[in-house]
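**Q** Show me the folded form of this:
(3 chains)
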Amino acid sequence: MAEANNHTPDHKLVLEAALLSAAEPLALADLKLLFENALDNAALVKLLEELQSDWSERAVELVRLASGWRFRTRGQYQVYLDRLKPEKPPKYSRAVLETLAIIAYRQPVTRGDIEDVRGVAVSPGILKALEARGWIDTVGHRDTPGKPALYATTRKFLDDLCLTSLAELPPLAELEKVIDTTHA
Amino acid sequence: MAEANNHTPDHKLVLEAALLSAAEPLALADLKLLFENALDNAALVKLLEELQSDWSERAVELVRLASGWRFRTRGQYQVYLDRLKPEKPPKYSRAVLETLAIIAYRQPVTRGDIEDVRGVAVSPGILKALEARGWIDTVGHRDTPGKPALYATTRKFLDDLCLTSLAELPPLAELEKVIDTTHA
Amino acid sequence: MNVAADLPVVARLYGEPLVKLPADLYIPPDALEIILDAFEGPLDLLLYLIRKANINILDIPMAPLTAQYLEYVEAMRRVNLDLAADYLAMAAMLLEIKSRLLLPRPSAVAEDDAQDPRAELVARLLEYERIKRAGQELDALPQATRNFEWTKVWFDAELVERLPDVIARDLQMAWLNILRQARNLRHHKVTREQLSVREYMGHLLRRLQAGKVLRFEDLFEVGAGAPEVVVNFLALLELARESLVLITQSEAFCPIYIALADGGSEQPYA
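**A** Predicted coordinates for the structure are as follows:
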């Protein structure tokens, strides 16, 4: 724990306690109240910057927002903190998963290809969501009228699914056999 | 800085962030979720005790409550923190405190039991105020005419008073020994 | 027993704290209401009278206590105060106990079973006093938001959006769905293809982006191993079959050039 200068050790501890227990960001005007205006803005900001630096190696950080200063958990620790929440993880819709499956198994494909296989229109939101996630991208354009974009999966897609290559995707042969026998 | 995708995160930093940001006390079972049960109780308690010691010189402390662990500001800093509050927390009347004491020490009790002890009618506002604070709730109904509700104190009551169990309530005063004249 | 500490301020009279009630129990009429407010009920008032007079609670002299209590109640009635029923009920109880004490004592044989008429009252007074003190002690405990604050570090759930998890099996199941649909809608022949070829097709297209023209031999990594070279070559053939790349060679044994079929006219991902 960094010690403040001799004449201000309490101030930093009080600031820290106030910021850790506040439900809202605290503006400098609020923080001044803590010390009955005995500290000016410059002194406060200096202490706040010291606090920021004290917390720089921690999972919680002191941030300055438009409405004031507040402590918050760092984004990279959210994966742990999320585990405390019983709420169910979000799920992709069937349309998204099928689109992703088509791109993964049949890449590179155009939107038209996907629509042909699924038999329904593909909403732009689906492709955008998968692109935003970094799982697919445009690898070229097919030389047909309209020059439709060709989509393929990315390395991030493989990484996020813990696959080293597309060859590790579950084989479809068995599935097709199942279908063949059930629809014989 | 520990990285979230690192396989050995700094457990203590994660614990600290979780406890500083939790809206409720966290039990060991909750804390285990943080690490997907990779840490056992003994390891967790060791880390929690380390955290307590890390914070021993600060204005905030880690305390063990009835329902788990939680960070709180130390009492001697309240004089500063109160300056940030627009209004002081309500001071409970004797009627509220006596009603709370009856429920805490004699639970579960009905409203009739409370009135017997206090010798006066209990206004509904008193029970409502204690319920609104989350300190008491209805735990059942006595099997007598009218099926009156039975009140008991909650975990939040213990937590808010920093008690780990009802056994930690201040002992009832040893007044004059209960009279023996009844069954001499 | 320190009675003064028990009742630090029983009332405020004209803004002045009233620490003790008048010893003679004379109460100025306009102060009655305030004094009544100072007590939580008849038990509280009785307890005050007992403690003030330093009476042994286990041996209450019922006659003087009842007299004092009734004086109070009478004083209250004189000023037409809306006297609480609880105070009147207690008055009745005190009178009853007093009268039972006046009855001749039962014989020595029956004395074992005889109950002191005051026993119940004393038990109630003691229980009330205990609870009253317990209430004060509870109030003295450090209390969240009054004596300390919980930490409330901001956990910004929006900071990192939680995205759905997908595992490879989800894709397999999705494909199964597609197949079922396809079978149901039409006799669409969905053939199994070499995945790795598809993967390399993507790699090749990426490398050819931005209008790059690559030499055929540059497409192959030396030392990557025969299987990879073969797969890469198959990928190139497949791209050509699907008219995605142009393969040009001016004449035999000249360098073979590969370019995107669309000529790299669009370069959105340069």
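
**Q** From here on, just use CA atoms for contacts and neighbour counts.
**A** OK.

**Q** remind me which residues of the stretch 101-250 of chain C are low pLDDT?
**A** C:105-114, C:157-162, C:182-195, C:222, C:224 (pLDDT under 70).

**Q** near chain B, which residues of it show up?
**A** Neighbours of chain B within the stretch 101-250 of chain C, by CA under 8 Å from any CA of the partner chain: C:112-116, C:119, C:123-124, C:126-128, C:130-139, C:141-155.

**Q** Need the per-residue pLDDT for A:Asp30.
**A** Per-residue confidence (pLDDT) for A:Asp30: 92.

**Q** and the gap between it and chain C?
**A** Distance of A:Asp30 to chain C, given as CA to the nearest CA, to the nearest Å: 17 Å.

**Q** Check whether that residue really touches B:Lys85, as I assumed.
**A** No: counting by CA atoms under 8 Å, A:Asp30 stays clear of B:Lys85, with 9.8 Å between them.

**Q** Looking at the two, which one has more neighbours?
**A** A:Asp30 (17 against 11; other CA atoms under 10 Å in any protein chain shown).

**Q** So the more buried one, which state does it fall into?
**A** helix (DSSP: H, G, I helix; E, B strand; the rest coil).

**Q** Report the contact partners of it.
**A** B:Leu84 (CA atoms under 8 Å, 6 or more residues apart in numbering or on different chains).

**Q** helix or strand for C:Arg51, which one?
**A** helix C:42-52 (DSSP states H and E).

**Q** Report the buried residues of that helix.
**A** C:42-51 (16 or more other CA atoms under 10 Å in any protein chain shown).

**Q** Closest to chain A out of those residues?
**A** C:Asp44 (40.2 Å; CA to the nearest CA).

**Q** pLDDT at the closest one, what is it?
**A** 92.

**Q** same question, A:Asn6
**A** 44.

**Q** again with A:Lys177
**A** 64.

**Q** what about the helices in chain C?
**A** C:3-6, C:32-38, C:42-52, C:62-78, C:85-102, C:119-140, C:168-185, C:195-207, C:226-241 (DSSP state H).

**Q** among these, which is the most enclosed?
**A** Of the helices of chain C, the one with the most neighbours on average (mean count of other CA atoms under 10 Å in any protein chain shown) is helix C:195-207, at a mean of 22.

**Q** Does the helix holding C:Arg51 reach chain B?
**A** Yes: applying CA under 8 Å from any CA, one finds helix C:42-52 touching chain B at C:42-43.

**Q** Can I get that helix in CSV, CA atoms only?
**A** Extracted as CSV, the C-alpha positions of helix C:42-52 are listed here (Å, rounded to 0.1, in the frame of the first residue of the first chain):
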residue,chain,number,x,y,z
PRO,C,42,-48.3,1.2,31.0
LEU,C,43,-45.4,-1.3,31.6
ASP,C,44,-42.9,1.4,30.9
LEU,C,45,-44.6,3.8,33.2
LEU,C,46,-44.9,1.2,36.0
LEU,C,47,-41.2,0.3,35.6
TYR,C,48,-40.3,4.0,35.8
LEU,C,49,-42.3,4.3,39.0
ILE,C,50,-40.7,1.2,40.6
ARG,C,51,-37.2,2.1,39.6
LYS,C,52,-37.6,5.7,40.7
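
**Q** Run through who's touching it.
**A** Contact with helix C:42-52 is made by B:118-120, C:3, C:39, C:56-57, C:65, C:68-69, C:86-87, C:90, C:124-125, C:128-129, as judged by CA under 8 Å, 6+ apart.

**Q** starting at the chain centroid, how far to it?
**A** Mean C-alpha position of helix C:42-52 versus that of the full chain (CA atoms, centre = their mean, to the nearest Å) differs by 41 Å.

**Q** Give me the most central residue, chain A.
**A** A:Gly75 (8.2 Å; CA atoms, centre = their mean).

**Q** And it, how close does it get to chain B?
**A** Taken as CA to the nearest CA, the span from A:Gly75 to chain B is 9 Å.

**Q** now swap in C:Leu246 and tell me
**A** Applying CA to the nearest CA to C:Leu246 and chain B gives a distance of 42 Å.

**Q** ok, now A:Pro170?
**A** Applying CA to the nearest CA to A:Pro170 and chain B gives a distance of 25 Å.
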